[in-house]
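S.K.: Fold the following for me, if possible:
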Amino acid sequence: MVEEKRAFDRIETEHSIKLVATDGSTFPAIASNISLTGMLILCDEPTLSRVTPHGTATDLSHDVHVRIRMILPDVPDSRSKLGLFGRIVSVRTGQADEFRIGIQFTDFEPGSYNALELYIDSEI
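M.R.: Purely as a prediction, here's the structure:
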């Protein structure tokens, strides 16, 4: 029997997001699932190489941080734009040129946590 590690519900999704580099440049990716504590991001190899120099070996010990911009669908404009900060906890290889990046949230732009909480509650 496998014990569930997550304390918060994680919902399946498929939202376009932007990963924001320290210089302000952005890279497209897809949010595959999301919870109040983290998300799973799908990206290609060029995006992965811009996000972390450690590639698929990246884990929590590398302390790689990311910034994420996301617009929630079907949410009023005042609450639809999220700014999320997190650290990479894992990278796995998916299908051809697809990488799955596990993110643990470390901080939220003002209003983003509450907006995300309302969105997740509405999807459960």
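
S.K.: residue contacts, the residue positioned nearest the centre of the chain?
M.R.: Nearest to the mean C-alpha position of the chain, by C-alpha atoms, centre = their mean, lies residue 39 at 4.0 Å. Counting by C-beta atoms under 8 Å, 6 or more residues apart in numbering, residue 39 touches 31-33, 68, 84, 86, 103, 105. Bear in mind the C-beta positions are built from the backbone N, C-alpha and C, glycine included.

S.K.: where's it, which helix or strand?
M.R.: strand 38-43 (DSSP states H and E).

S.K.: Residue 23 now?
M.R.: Here residue 23, judged by DSSP H and E, is contained in no helix and no strand.

S.K.: gap between it and residue 46?
M.R.: Separation of residue 23 from residue 46 (C-beta to C-beta, to the nearest Å) stands at 16 Å.

S.K.: higher neighbour count, those two?
M.R.: Each of residue 23 and residue 46 has its neighbours counted (other C-beta atoms under 10 Å); residue 46 has more, 10 against 5.

S.K.: what about the closest residue to that one other than its chain neighbours, helix or strand, and which?
M.R.: Nearest non-adjacent residue to residue 46, counting by C-beta to C-beta, 6 or more residues apart in numbering: residue 27, 7.9 Å away. Assigned by DSSP H and E, residue 27 belongs to strand 26-34.
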